[in-house]
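*Asks:* Quick one, structure for this:
(chains A and B)
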Amino acid sequence: MKILRPKDVKTKGMRQINVRGGSQRVLALCLLFVHFESLPYGERLQGSTMKDADIKRLFYVHIFCIVSIILTTFIPSFFLEDFSVLETHLTWLCICSMCVAIINVVLYLQVKPNPSSKRSSIFHKISRLLKSCVYFFISCLLFHAIIVLYGAPLIELMLETFLFAVILSTFTTLPCLCLLGPNIKAWLRVFTRNGATSIWDNSLQITTMSSVIGAWLGAFPIPLDWERPWQVWPISCTLGATFGYMAGLLISPVWIYRNRKQLTYKSR
Amino acid sequence: MLKALVLLFLAWVCFLFYAGIGLFTSGFLLTRLELTNHSSCQELPGKGTLVGSGRGEPGACWTVPRFSRAVIVLIDALRFDFVHPWPAGPPAPQPFLGRLSFIQHLLEAQPQHARLYRFLADPPTTTMQRLKALTTGSLPTFVDAGSNFASYAIQEDNLIAQLNNTGRRVVFMGDDTWEGLFPGAFSQAFFFPSFNVKDLHTVDNGILEHLYPTMDRDDWDLLIAHFLGVDHCGHKHGPHHPEMAKKLNQMDQMLQTLVEQLENDTLLVVAGDHGMTETGDHGGDSKPEVMAALFLYSPLPLFPGASLKDPEVVPQVNLVPTLALLLGLPIPFGNIGEVMVDLFSGEGDTQPLATALAQASAYHLNAQQVSRFLHAYSLAAQDLPPEELQHLQNLFSSASSEYEQLLDQLKTGEVREADIQALISQLRLFLRGARTACTETWARFRPARMIGGTILLASTCLLCLITSRLTSSPDFPFHCLLLRAVVWGLAGAVLLAGGLMAAGIGLEPSLLCAGSAATSLIAFLWALKSRESSSMTVFLPGPLPILVLLFLRSAALFSDSFVVAEAWAAPFLLRSLSLFLVAQLHWEGRLLVGVSTACLSSPTASLARREGPRALGLLVGLLLCVRLSILFHRCPEETPVCQSSPWLAPLATMAGGQAKNLWYGACLGTLGVLVLAVRFWLRRCGNLNSPAPPVLFVRWGLPLMALGTAAHWALASGTDEAPPRLQALVSGAVVGLPRAVLALAAIGLGLLLWQPVTVLVKTGASSSNHIIVPFVGPPASQADLDYVVPQIYRRMQEALRGKLARGGGQTPLALAAYGLGSVYSAAVVTALALLAFPLLLLHTERISLAFLILFLQSFLLLQLLATAVGTPAGSPGPFSVPWLAISAWALTATQTFYSTGHQPVFPAIHWNAAFVGFTEGHGSSPVLPALLVGANTFASHLLFSVGCPLLLLWPFVCEGQGSTKRKKTLASGTEVGGEKEEEPLMEMRLRDSPHHFNAALLQLGLKYLFILGVQVLACVLAASILRRHLMVWKVFAPKFIFEAVGFVVSSLGLLLGVALVMWVDRAVGSWFKQLILSQER
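*Replies:* The predicted model follows:
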């Protein structure tokens, strides 16, 4: 597996790619990372080539995410009776957010796009993990509060609203946690005009925005009198968020690829 | 730019909008006056006596009843081809063809008993309007200007009322629309909910359950059964669905059973109130919608001749006089239908002469009644063309005299049938002419006018966009262009008037206004194009998000669901807008500290440090306010699940003592907070110190108004609990207090206009530093004044600061003016507070909480916008209010309309507002109650449009706040005196460059009008494009009316607000002049 370590940046934007082999099998099983085997190991690459490779990697990771989300819509029906995305929406929400969370964590652990901090004692790791959990929970609460402020019922359908908040957090906060760690300053930095320092940051911007916009657009069909099952709160919003997330996953590699000439990252 | 010019220009633009709205309205909203006259049994509609011996018989009014009872089976949306006979043999290609085989059987087996007609409905083909037509015999329009808007109950004379008057009993079962139309008119009624279009069976099964038992009994004279299944099936599935076949089969079964139970003295009427389109909708005027079926059946032979091969076309209103005369009732007063002549054969007599005579007498009665109605109507309203009326009158009088002659001849016994037939055709000519004249006036859209109005509105919106860009250019000759436009407009109006007179058409105000508006608009645009060809190209408003927002706002008006849900949609968009604003702030790195300094230059970072948490706090407050305001929503009747807020009811209706008192306390608290907040804000700005009359009024008058309001609420909510001895006092106070509050508000506004400058001047002992005046003597020209005013202001500020910094007294003061920096906004805020109290009084008590939220929310919004937009640059450059701010303001106005318990439908209007201060009701004049109810309904539009100039002023006010904070931190550390720190000029920055100030006001007004105009335009387009929609008269047309009236109120408010600011500006100018004069001495 290849790990990007942009620690050596003095040499005009050239970065070192440090590749470890062992853990590649996990993803190789998914037959998604075949191309990477042909990449030269331990070689110093030109900036643009490196970026291309990175974009490719990003693309495969995202495709994997999308496929897994699609899988969550019908795989559980083999194990659970009466499972369908609309009828047993809450179950699907749980499954989907769990799945996305696990995949995000695993993928980002494998494909470490940003180097972890130098201190790597077990204690430090645990504290980071705990901190991340707390942050995630807080973000769920924050999203819940925002959704209620946006007009969702306060007391009725509390569980539904909360799960909506959870899945929104999974799509937005969790990738932040994985990529940037429990570091609010870094998060805030990423979401400014010139704040992105790598294509991972850019993709984070895009997926987060598109998830939120998807959820926002998902609220539009609710007042219509079509009487469809998916117009029930919060199904259209969660579906919107999911579609937005998936669209973001698709768009971000493409967008980054098309704008790769303009994207220059400052060192941190 | 001159101040008057700004106002005139805005007024001209408003006039253009009004003309467009007026033109569209005259083509779209057909109006008719409802007469409340009733025909009476004892009084014939005209002179003359009756043929035959009808008068003496029991149950006879104008004629002898032919039937003593009738059964009306109304099958909603029974299109003609559903009933049309289908030859036996091959199965019908469509599920709706040939299903009512029993009717076919009757027609073939008993041609003298049964007959089928094409039943021609008049548009609008909506059920309620059709029911009105089927009972009153008139042409209901959307706005039937009657005495009572609050209920749908029919005020006009109608069949049901006539039956009740003559002591007959009416039994009803089916659609609950009848309950609203005829409250309490039925001796027995089974209503079933009609709202759920998806439900095909509830109503029909309910009727079937009761129909047959009722038929067996004899405690009724008229039985009405209104089936809804066919109509609902059309809405849900369309006519081509197999479900339609099932539904029609069920109807066929029902008819079969019914006919078996029919007694000999009973007439059966099976009718559709309208048809349906190929998709199953109705409401418009296409052929399948208006062509319904009518089937008549009597167990006794009824029709003398054989039926025609092709069924005759009968206008829907014709059923009314026919039924009335057949049942021996007077024809309803407002009927314009003609009797169906086939049914009036001489009784049991096959002689052609007797038949013709009976028909002639029925026709004559009918014609007398129609003539009486036309006469009465033309006295009350002028919308029927007078020449036409005259022509009809002539027709009638000649026919009438012929009829008299005929009667005379009858006595001598020599009457030819041909004479009678000639008379009949003459009477028929009159009746048809009358109906055509009425239809022309009442029941036809005028597409040319609708299109013209729409185009006028659209081009005025365009004009607003273009000119709002041009205002900033200093040498743009607005006055020439305006003058040219006005001259052209007048010329156009004169020409049009001449043309209309020449063509012999009466002068119609809406047409004249539209003509002059169009010519002046064209003249303006033409001149603009020749002058500035480049500026015509770019005119999209603002950045992309605003375009998206505008698009969403307008697109939502095209969907009935979104119009109904606008109460939720507007806050949704508002929240999104404010969230977007803050997110954008963050994206640009202006929100929070801690962002790595690499991407921030240092000055903005320091700015961010200050603004960040504040903006976030403002955002959270704003979101909370918007969320809380939802609690005051009234639910539209289209969403049965939704529960209206219980807080909209007046306190007087509450039962519990404790809760009532608590609520009353809360309302009192709200009043107190409102007064205190206004005072606090003015004090903070320093405008509460001067001895000017408006300040005194704010200090003492406002609390007095609050007190009056509180007292009125206390009395009004507990009127019944007052001891009997005090009853008179209480009722007097209930009348007097609101008037007193209103008078106080008027006094306050008068004082504000009289002396709007709320600045306290303190002169020190001596002046060490003189104002540098480049001229001698009092300022002569405006330019001199403009030069000297900022200097005075700076000097005052310096003096003030020097006093603050050095503990006072060390440096001799020249002048100190408190509150000069916020003199404009203080006036506007005071005016708003003064306006708010009477408006508050018109609402129920607990809506005061919503008003508090309104004020808080608009304050937070202003602060947020000022923070986000940033304080204006130091240069006295052109000022402008961004589109985002104006969109947010307009959205807030819409949201507040809903959060004060309103809905854009007529039954939801707070009619009680008309009785605040007038508990005994009003006289005949409708002006005052209309004003009160209008002020109640459009309170939010009024407040927000008057407050609109605050959008321009607020950033300047906030500039002052920011700098005072900064100064505090500065004063502690460094030495202030040495530093040449730029003082915040606040609103005096505006006075620095009066040209830009006026231009900015003009631009603000134009932008606001544009945003509102686009909404009206969207409503207009929606109403005209969707005029066939099922909901057009229920949702789109009321929405259009509310939006249009709201626009008028808003534009007037805007003019008032801008005028107020300019008035203050003028007063400040003269104040400075006086100040300089006093300095000179």
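*Asks:* Now do the closest residue to chain A within the stretch 901-1050 of chain B: how many residues are near it, please.
*Replies:* Nearest residue of the stretch 901-1050 of chain B to chain A, counting by CB to the nearest CB: B:M1031, 9.8 Å away. C-beta here means a position set from N, CA and C on the backbone, and glycine is covered the same way. Neighbour count for B:M1031, taken as other CB atoms under 10 Å in any protein chain shown: 21.
*Asks:* Please name the nearest non-neighbouring residue to it.
*Replies:* Leaving aside its sequence neighbours, B:M1031 sits nearest to B:D560 (CB to CB, 6 or more residues apart in numbering or on different chains; 4.1 Å).
*Asks:* Pull the contacting residues for the closest residue to B:P193 other than its chain neighbours.
*Replies:* Spatial nearest neighbour of B:P193, excluding adjacent residues (CB to CB, 6+ apart): B:D176 at 5.8 Å. With contact set as CB atoms under 8 Å, 6 or more residues apart in numbering or on different chains, B:D176 has these partners: B:191-194.
*Asks:* Can you pull the phi/psi pair for B:D176?
*Replies:* phi -80, psi 0 (degrees, to the nearest 10).
*Asks:* Report the separation between it and chain A.
*Replies:* Distance from B:D176 to chain A, counting by CB to the nearest CB, to the nearest Å: 20 Å.
*Asks:* per-residue pLDDT, that residue?
*Replies:* B:D176 carries a pLDDT value of 84.
*Asks:* near chain B, which residues of chain A?
*Replies:* Chain A comes close to chain B at residues A:146, A:148-151, A:184-185, A:188-189, A:191-195, A:216, A:219, A:223-225, A:227, A:266, A:268, as judged by CB under 8 Å from any CB of the partner chain.
*Asks:* Quick one, which of those residues are buried?
*Replies:* Among the residues of chain A next to chain B, the ones that count as buried by 16 or more other CB atoms under 10 Å in any protein chain shown are A:146, A:148-151, A:188-189, A:191-192, A:195, A:216, A:219, A:223, A:225.
*Asks:* tell me the contacts of whichever residue of the stretch 101-250 of chain A sits closest to chain B?
*Replies:* Here the residue of the stretch 101-250 of chain A nearest chain B is A:P223; by CB to the nearest CB that distance is 3.5 Å. Contacts for A:P223 (CB under 8 Å, 6+ apart) come out as B:561-562, B:564-565, B:568-569.
*Asks:* Now intersect the residues you listed with the strands, please.
*Replies:* Among these, no member is found in strands (DSSP state E).
*Asks:* among those residues, which are in reach of chain A?
*Replies:* Counting by CB under 8 Å from any CB, B:561-562, B:564-565, B:568-569 from the contacts of A:P223 sit close to chain A.
*Asks:* Which of the residues you listed has the largest number of neighbours?
*Replies:* That'd be B:A569 among the ones next to chain A among the contacts of A:P223, by other CB under 10 Å, with 27 neighbours.
*Asks:* I'd say that residue and B:A556 touch.
*Replies:* Yes - with contact defined as CB atoms under 8 Å, B:A569 reaches B:A556; the gap is 5.6 Å.
*Asks:* Please enumerate the shared neighbours of those two.
*Replies:* B:F562.
*Asks:* Export stretch B:354-361 to CSV, keeping only CA atoms.
*Replies:* Extracted as CSV, the C-alpha positions of stretch B:354-361 are listed here (Å, rounded to 0.1, in the frame of the first residue of the first chain):
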residue,chain,number,x,y,z
ALA,B,354,-102.8,24.8,-25.3
THR,B,355,-99.2,23.6,-25.2
ALA,B,356,-98.0,26.7,-27.0
LEU,B,357,-100.0,28.9,-24.6
ALA,B,358,-98.5,27.2,-21.6
GLN,B,359,-95.1,27.6,-23.0
ALA,B,360,-95.7,31.3,-23.8
SER,B,361,-96.8,32.0,-20.3
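*Asks:* For that stretch, list every residue counted as buried.
*Replies:* B:355-361.
*Asks:* Which of those residues fall in helices?
*Replies:* Those of these mapping onto helices are B:355-361, per DSSP state H.
*Asks:* In terms of pLDDT, where does the residue of chain A most remote from its centre sit?
*Replies:* Relative to the centre of chain A, the most outlying C-alpha is that of A:D225, 34.0 Å out, by CA atoms, centre = their mean. At A:D225, the model reports a pLDDT of 80.
*Asks:* any idea how far the nearest residue to it once chain neighbours are set aside lies from B:A567?
*Replies:* Nearest residue to A:D225, sequence neighbours excluded (CB to CB, 6+ apart): B:S561, at 4.9 Å. Per CB to CB, to the nearest Å, B:S561 is found 12 Å from B:A567.
*Asks:* next one: A:F136
*Replies:* Counting by CB to CB - A:F136 and B:A567 are separated by 35 Å.
*Asks:* Which one's more surrounded, these two?
*Replies:* B:A567 (26 against 19).
*Asks:* Name the helix or strand of chain A that has the lowest mean pLDDT.
*Replies:* In chain A, no helix or strand scores lower on mean pLDDT, DSSP states H and E than strand A:16-19, which sits at a mean of 36.
*Asks:* And B:S576, its phi and psi?
*Replies:* The phi and psi values for B:S576, taken as degrees, to the nearest 10, are phi -60, psi -40.
*Asks:* Who are the contact partners of it?
*Replies:* A:216, B:549.
*Asks:* confidence score at A:T11?
*Replies:* A:T11 is given a pLDDT of 34.
*Asks:* From B:V71, how far out is B:Y212?
*Replies:* Here the criterion is CB to CB. By it, B:Y212 lies 12 Å from B:V71.
*Asks:* Residue 205 is in what secondary structure piece?
*Replies:* Since no chain was named, I'll use chain A. Assigned by DSSP states H and E, A:Q205 belongs to helix A:199-218.
*Asks:* I was after chain B.
*Replies:* helix B:202-216.
*Asks:* In the chain, mark out all the strands, start to finish.
*Replies:* Chain wasn't specified; assuming chain A. Taking DSSP E as the criterion, chain A carries its strands at A:2-5, A:16-19.
*Asks:* ah, no, chain B please
*Replies:* B:31-33, B:69-75, B:114-120, B:143-145, B:170-175, B:188-192, B:222-227, B:266-271, B:291-297, B:313-315, B:760-763, B:815-818.
*Asks:* For these, state which one has the densest average packing.
*Replies:* strand B:222-227 (a mean of 26; mean count of other CB atoms under 10 Å in any protein chain shown).
*Asks:* So which other helices or strands are in contact with that one?
*Replies:* Counting contacts by 3 or more CB pairs under 8 Å, 6 or more residues apart in numbering or on different chains; DSSP states H and E, strand B:222-227 packs against strand B:69-75, strand B:170-175, helix B:177-181, helix B:202-216.
*Asks:* Among the ones you listed, which one carries the weakest average confidence?
*Replies:* helix B:177-181 (a mean of 86).
*Asks:* Please compute how far that one lies from its chain's middle.
*Replies:* 23 Å (CA atoms, centre = their mean, to the nearest Å).
*Asks:* for it, which positions count as buried?
*Replies:* Buried-residue list, helix B:177-181, by 16+ other CB under 10 Å: B:177-179, B:181.
*Asks:* list the helices and strands that helix packs on?
*Replies:* Helix B:177-181 packs on helix B:127-136, strand B:188-192, strand B:222-227, going by 3+ CB pairs under 8 Å, 6+ apart.
*Asks:* would CSV of these with mean pLDDT be doable?
*Replies:* Shown next, in CSV, are the helices and strands packed on helix B:177-181 (pLDDT from 0 to 100):
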stretch, mean pLDDT
helix B:127-136, 87
strand B:188-192, 90
strand B:222-227, 93
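*Asks:* Reformat the ones you listed as a markdown table; add distance to A:L107.
*Replies:* Converted to a markdown table, the helices and strands packed on helix B:177-181 look like this (distance: least, CB to CB, whole Å):
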| stretch | distance to A:L107 |
| --- | --- |
| helix B:127-136 | 60 |
| strand B:188-192 | 59 |
| strand B:222-227 | 63 |
